[in-house]
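Student: Predicted structure and sequence below. I'll ask about it afterward.
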Amino acid sequence: MTIFGKKREDIHFAASPQETMGFSKEGDLLMLTSVQNYLIKKYTFTELDQVNDIKRQLLGRRILIINTKDLFDNSNIPMSDLKRAIDEIRLFLVENGGSMGRLGDQYLIITPNSQVKISN
């Protein structure tokens, strides 16, 4: 049997829908293979001392989708400290050409540099 002029056994079928769309799974990371080695990583932001880890992740060419629900729900963290942490991340992004956007009420998406931008 032929499909579009090729024998069925000559056609390579991707193992998953993600691979079909150009993604490959690496642990809890999705790697977009059509862009120069950027990784998309889900990240749970629960403590203010994670700001430096977020910066390290961004320097490692990761695009972060950050779940902030636990951080915002924590009544022990003063709002001024939370604002200061977000401002520190925002300043880091400005210095490196990155961008930040919201996805709903509890998620942020952060890109590491000017090669990957978020459209508002």
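Tutor: All right, it came through fine.
Student: so where does residue 101 fall, helix or strand?
Tutor: strand 99-103 (DSSP states H and E).
Student: Pull out the buried residues from that strand.
Tutor: Buried positions in strand 99-103, judged by neighbour count with 16 or more other CB atoms under 10 Å: 99-100. C-betas here are computed from N, CA, C, even on glycine.
Student: which helices and strands sit right next to it?
Tutor: In terms of contacts (3 or more CB pairs under 8 Å, 6 or more residues apart in numbering; DSSP states H and E), strand 99-103 is packed against helix 79-96, strand 107-111.
Student: now do 10 Å
Tutor: When contacts are defined as 3 or more CB pairs under 10 Å, 6 or more residues apart in numbering; DSSP states H and E, strand 99-103 packs onto strand 62-67, helix 79-96, strand 107-111.
Student: and it with helix 79-96, angle?
Tutor: Calculated by axes from the mean of the first three to the mean of the last three CA atoms, to 10 degrees, strand 99-103 forms an angle of 130 degrees with helix 79-96.
Student: Partner strands of strand 99-103 and their direction?
Tutor: strand 107-111 (antiparallel) (DSSP bridges).
Student: angle of the partner strand against strand 62-67?
Tutor: Angle, strand 107-111 to strand 62-67, by the same axes, to 10 degrees: 170 degrees.
Student: average pLDDT across strand 107-111?
Tutor: The pLDDT scores in strand 107-111 average 92.
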